[in-house]
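1. got a predicted structure here, sequence first:
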Amino acid sequence: MVSTRKAQPATHKLGFHEKLVGKGLSTDALQRKLKSLHTELADIDQDNVDTDSLASVRKELISTSILLHKDKGVKAYAACCLADLLRLYAPDAPYTATELKDIFQFFSRQLYAGLKTPSGPHFTEYYYLLESLSNVKSIVLVCDLPQADELMSEIFRNFFDLAKQDVQSNIQTFMGDILVALVDECNTVPQDVLEVLLSQFLTQNVSADGGLRLAVAVCNEGAEKLQRYVSQYFTDIILQHSRGEDLEDLRAAHNLIKQLNRDCPTLLLNVIPQLEEELRVDEIDIRLMATETLGTMFGEKTTLGSGELAKKYPSTWRTWLLRQNDKAVAARVALLDAISSLLLNHPEQRGEAEDILRRKLLDPDEKVRVAACKVCSRLDYEAVLQHISVDTLKVIGGRTLDKKAVVRQEAAVSLAKLYRSAYADLESLDGRTMARVSWIPNDLLHALAQPSSEIRSLIENVFCNYILPLPSDKSDEDTWTQHLTVLLRFIDDKGLAGLFTLAGLQPGRTNLLDSYVDCCEDNNGGIIDEREEEVIKKLQGIIQRLSANLPEPMKATDDLWSFAKLNDKRSYKLLRSCVDSLADIKTIAKNKADFFNRLENIAASTVPTFRTLWQKFAPWVVNITSVPPLVKALQRSDNDLVRKHISALLSKVSKFNPAVLKPHVAELAKALAGETSELLAEVSLQALSSVFVDDPAMAPSDKRLADKATRYAEGPHARPAKYAARLLAHSRNKAQLATNLAKSLAAKLGAARPEQLVGHLSALAELATCAPDAFESCSDIVMQFILKKLFMRNEDVTKNEEEWADDPDVPLGTLAKEYAIRICTNRCLSHASGEQAADIAKPVISLLFNILDTGGMPFQNVHQSLLDKSRMRAQAAVSLLKLARSPVYDKMIGKRLLTLALTAQDTCFGVRMFFINKMIKYGSRMQIQPRYNVIPFLTVHDPENEPREKSRSYVVNCMRRLPRNARVACFEMILPRLLHLLAHHPDFSAAVDDLSEMAKYIRFYFDLVCTAENLPLLWHLAGRLKTVDDADPSFSENVFIISELAQHLLKRLAATHNWSISNYPAKVELPGDIFVRFRDSSKASAVQRKIYLPDDILVQLQNEAPRSTKSGPMKRKRLPAADRENIPSNRTPLRSRKRQRKVKAAADEESSEDTAGSEVDEDGGSGEGNSSAEDGENEESDLTSMDGDEPEQLGRGARGKAKAKAAKKAKKVKGRRASGAS
């Protein structure tokens, strides 16, 4: 039978028959033989080899004479030959287990030694060996050998050591294949191998470490096999940890998990549930590490894809989110640290991440709030625009008013940086950018209205460093001015007021630092030749005023004294140059740098204080560089809001820093001479007139300018007419020009249309101040017109009309009457120092009080609208305050202080705010007598917060910044006047409820004024009221009651603060205009013995929970009609009023003081808490604890004792009364 099978090809037999082992064999000969053998073996196909022909070389190659030969070449070729044999014999092993162990150890050492140097003579052989092991996978035989774990560990260690030496990428690939094969084939992964693998992920230089790259390749390829071992590895570490043990190993393990998640996330299949369990443990350190680790993992982008980790482990994700409410602050912070990465990298989780961010911005702990604010800082500009909503950004904006400075700082800086990054988009009016960030400067400027000097300094700092930073070179100047113009586009009226504060455009601030330098020079380092006491006292006063408005007044005071003692003339000159109004922006920047460089060298500790002062007083916002671009923008801008704000800004510059405008007189005159808009004309006229008032030498003689000004003065617009009249009154030919204008205007009054009449009256009001002689040439005509044609004119009265309107909405007829009042007021002031002052003012003051008495009508039986009446009341009250600045008129007005003061309780919110703002303005400048400082305390019952808070800020700020003597005179010595006013108040009666309401006025005063230092004086003043009679004897008993009530409240206050009431050592005289001595000594004794305060009020006050005057409006009861004689008809009980619509008080367009609205004093409001600077930062909390909303909770025994004590006290008081009566 013939065979049908195809014949098998002949197998290849080894042709090499030389001996490799024997005596006398030189190294070179052996190397040649091994090379020849390797060449032949390498060419033999694995599937076509006669393995029997390999027997002789197989045995000789593993002889010790070859494996341990000293020549590297011999060993290199021998290794290649052995690798070829393993390939040809595969899948069988041609050696015993012991022999294989020696062979693979030999391989490992040869590779480790040979691959280190690519330039070595036998690198090619080592490369061949590695490639063969990788391709043939003969390395897997290691897994079946005895002591396989040690051998695997050695191979892993050697390969990773090689990988760290930056070997070629294909070599690293071969090594990776070998190691993966070992992992796949081994029964169990040795612990040493796992540790070698994982240790690669703890390297510090991740991006450049070949060992890490090799480990990543091995772990990703062998993930399925390695998952169980990695999980067990971390489980062992976690279980081995015990409370109190060193956490370094556990911390290192969590760092390793984070690195594995970046590179080999599939390796952590069973590890993440362990981290979830750690989130639930009680030990904070472990919980914190788990929160941080998972936060990093959830936030990073990995090979799993966006959001895949949270989707794959939803339970872990939810448990991690719950850490936002962890009781440990550190855990909440750790969670927030991951929010920025979630927002940036994972769209699927952005909603939840942003919700957490918004909630944590309001967290009770400041560290959490800081961490929440930092989320925005960590993201770049584009990321914020895309991933954080404007609502969340505005919550961050709210944190700029946080009670903790560190939170305010982080919130303000992060928002300011964001705004700076958006400059280009804002200039191009990009809609998305405008919606996101345009509000930022406006909200920051709003914060300048806060009473806290820390907040104000913070806002000044972020504006100076981020929002309006000084230009670094000439090319940046135009950009800097453009930034200011862009900012004006995005702020509202309140923001604009904040910008005025930021720019120092407020009274009393421009020259304060200049004055300090003058005092330093006079002080001469403490070596003063003459007037020593005067010089030191003046310097002390300036330092107190400067430091009172800084965040750390005590440190600021020390720094200012230190600087004064330096007596460094160069520093004084540089500091003066820093606040030079005539410096351009480039010079300002250079002077600043020079000054602080010098200060760093001679008094480095004072630098923070002077940086804050520089920000307050240097003209870095508006200066001579910024004026021309602002004027051009006013001419060219088509945005009405921008033009309005530029106009207001230049108006403030004209009023408070006209020196800045001096270099631009020609340009302003040119703008006025052209055909300009009313707004530009107004700005130009005000600017020019302010320069001429400030520097008469610059007054013009140009007839064209005078003709132009005359045309505007006779025009229909009130403000241009006012400034034009002022300009003419300060021209070179002012007497003739002003007289001609006054006569011309007076002649036109009767025939003027309503809109023209307002302009004429505005100009006449200005002439009454600036050119009184010119005004007097036609004063009879003007006054007759005012009295007969304006004040006695009936108005149409309609139903349901508004009670108040702001200036733009006020009817022309009402405005005309207001300007008429101003004319009368200004005329009185211009004659205040003359002999006829009293004769001129008496009818005017009588008229103004008559307006208040009749509820807004100059004369009885004249019909006027509600709006007319309220505006007239406001103007009359403010005019009386204005007149009270003159000592002559103050005596006349002070007699009816109660009538004037009750304007603070007018039924119309607009009237109240208008009056309070103006009183604060004059009071903060100390332009009116201290007696008027009783007015702010009448706001305690106001149904709106704003009047009360304005008053509070004014009092606290004054108490903080005024020198001690001024503080005593202005606020402590007025207590008798306040108590006297309350005794005469229309709501006063001896009824318990009414006295309880009176107590709130007194408590409001004590909350803001009383300190441990002045308590004896206030106690003495309150008691002294029982040693005198009221000037009106019918009110004497009221005075005695209010005196006892005040002393009772002082006792309670002293007990609350643990203050002692000592006797006041000095003699104090009470005001002689409201009090008189007793007629006989018997009455004095009787008054002292008798208790006037009713029993019930003592018990009620004893049991009454102290209530803070901050807590909101408090209602007051009104007396019956029979007891309310001579009280203005516009007064109505606050308890019956409907809540008034909040409107802004109208601007007081006064001729001599061009002020729109009201301005809190130049220092910008009050500090926090009690006004005494000695009481430190916790003053507000002290007040709150004394007058909090929550009553003190007493136990049953304590309540019983309290009741018994109150009853016993009441019984004792009753006995004293009976004794006094007898």
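-> Arrived safely, thanks for sending.
2. give me the below-cutoff pLDDT ranges for the chain.
-> 1-10, 204-208, 242-246, 302-307, 473-475, 508-510, 675-676, 797-800, 1103-1222 (pLDDT under 70).
3. the domain parsing of it - what is it?
-> Domain assignment for the chain by automatic domain parsing gives 508-617, 939-1172+1181-1189, 1192-1222.
4. let's have those domains in JSON lines, adding mean neighbour count and distance to residue 741.
-> Every C-beta, even on glycine, is put in place using the N, C-alpha and C of the backbone. Output for the domains of the chain, formatted as JSON lines (neighbours: other CB atoms under 10 Å; distance: least, CB to CB, whole Å):
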{"stretch": "domain 508-617", "mean neighbour count": "17", "distance to residue 741": "31"}
{"stretch": "domain 939-1172+1181-1189", "mean neighbour count": "18", "distance to residue 741": "14"}
{"stretch": "domain 1192-1222", "mean neighbour count": "11", "distance to residue 741": "69"}
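5. got the contact list for residue 188?
-> Contacts of residue 188 were listed using CB atoms under 8 Å, 6 or more residues apart in numbering, and they are residue 229.
6. double-check that it belongs to a helix.
-> No. Going by DSSP: H, G, I helix; E, B strand; the rest coil, the assignment for residue 188 is coil, not a helix.
7. now the domains of the chain in TSV, with distance to residue 780?
-> Shown next, in TSV, are those (distance: least, CB to CB, whole Å):
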stretch	distance to residue 780
domain 508-617	38
domain 939-1172+1181-1189	20
domain 1192-1222	62
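8. residue 713: which of those domains is closest?
-> domain 939-1172+1181-1189 (12.6 Å; CB to CB).
9. in the stretch 501-650 of the chain, which spans are helices?
-> Applying DSSP state H, counting those that start in this stretch to the stretch 501-650 of the chain gives helices spanning 512-523, 532-547, 553-566, 569-578, 585-602, 607-617, 627-636, 640-656.
10. can I get the first one in CSV, CA atoms only?
-> Yep, that's helix 512-523 we're talking about. Extracted in CSV, the C-alpha atoms of helix 512-523 (Å, rounded to 0.1, in the frame of the first residue of the first chain):
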residue,chain,number,x,y,z
LEU,A,512,-4.8,116.0,55.8
LEU,A,513,-1.7,114.0,54.9
ASP,A,514,-0.1,117.2,53.7
SER,A,515,-0.8,118.7,57.2
TYR,A,516,0.7,115.7,58.8
VAL,A,517,4.0,116.2,56.8
ASP,A,518,3.9,119.9,57.9
CYS,A,519,3.6,118.8,61.5
CYS,A,520,6.4,116.3,61.1
GLU,A,521,8.7,119.0,59.8
ASP,A,522,7.7,121.3,62.7
ASN,A,523,8.3,118.5,65.2
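11. packing partners for it?
-> Helix 512-523 is packed against helix 532-547, helix 553-566, helix 569-578, helix 607-617, with contacts defined by 3 or more CB pairs under 8 Å, 6 or more residues apart in numbering; DSSP states H and E.
12. give me the contact list for the helix or strand residue 149 falls within.
-> Using DSSP states H and E, residue 149 maps to helix 148-163. For helix 148-163, contacts defined as CB under 8 Å, 6+ apart pick out 101, 104-105, 108-109, 111-112, 115-116, 139, 142-143, 145, 171-172, 175, 178-179, 182, 186, 190, 192-193, 196-197, 200, 210-211, 213-215.
13. apply 6 Å and report the result again.
-> 104, 108, 112, 115, 142, 172, 175, 182, 190, 192-193, 196, 210-211, 214 (CB atoms under 6 Å, 6 or more residues apart in numbering).
14. going by neighbour count, list what's buried in stretch 264-272.
-> 264, 265, 267, 268, 269, 271, 272 (16 or more other CB atoms under 10 Å).
15. show residues contacting that stretch.
-> 219-220, 223, 226-227, 230-231, 234, 260, 302, 304, 313, 316.
16. at 8 Å what do you get?
-> 216, 219-220, 223, 226-228, 230-231, 234, 257, 260-261, 294, 297, 302-304, 309, 313, 316.
17. also stretch 326-343?
-> For stretch 326-343, the external contacting residues (CB under 8 Å, 6+ apart) are 284, 287-288, 291-292, 294-296, 298-300, 320-321, 323-325, 349-350, 353-354, 356-357, 360, 363, 365, 367-368, 371-372, 374-375, 378-379, 383, 387-388.
18. so how far is that stretch from its chain's centroid?
-> Mean C-alpha position of stretch 326-343 versus that of the full chain (CA atoms, centre = their mean, to the nearest Å) differs by 22 Å.
19. appreciated, that's everything.
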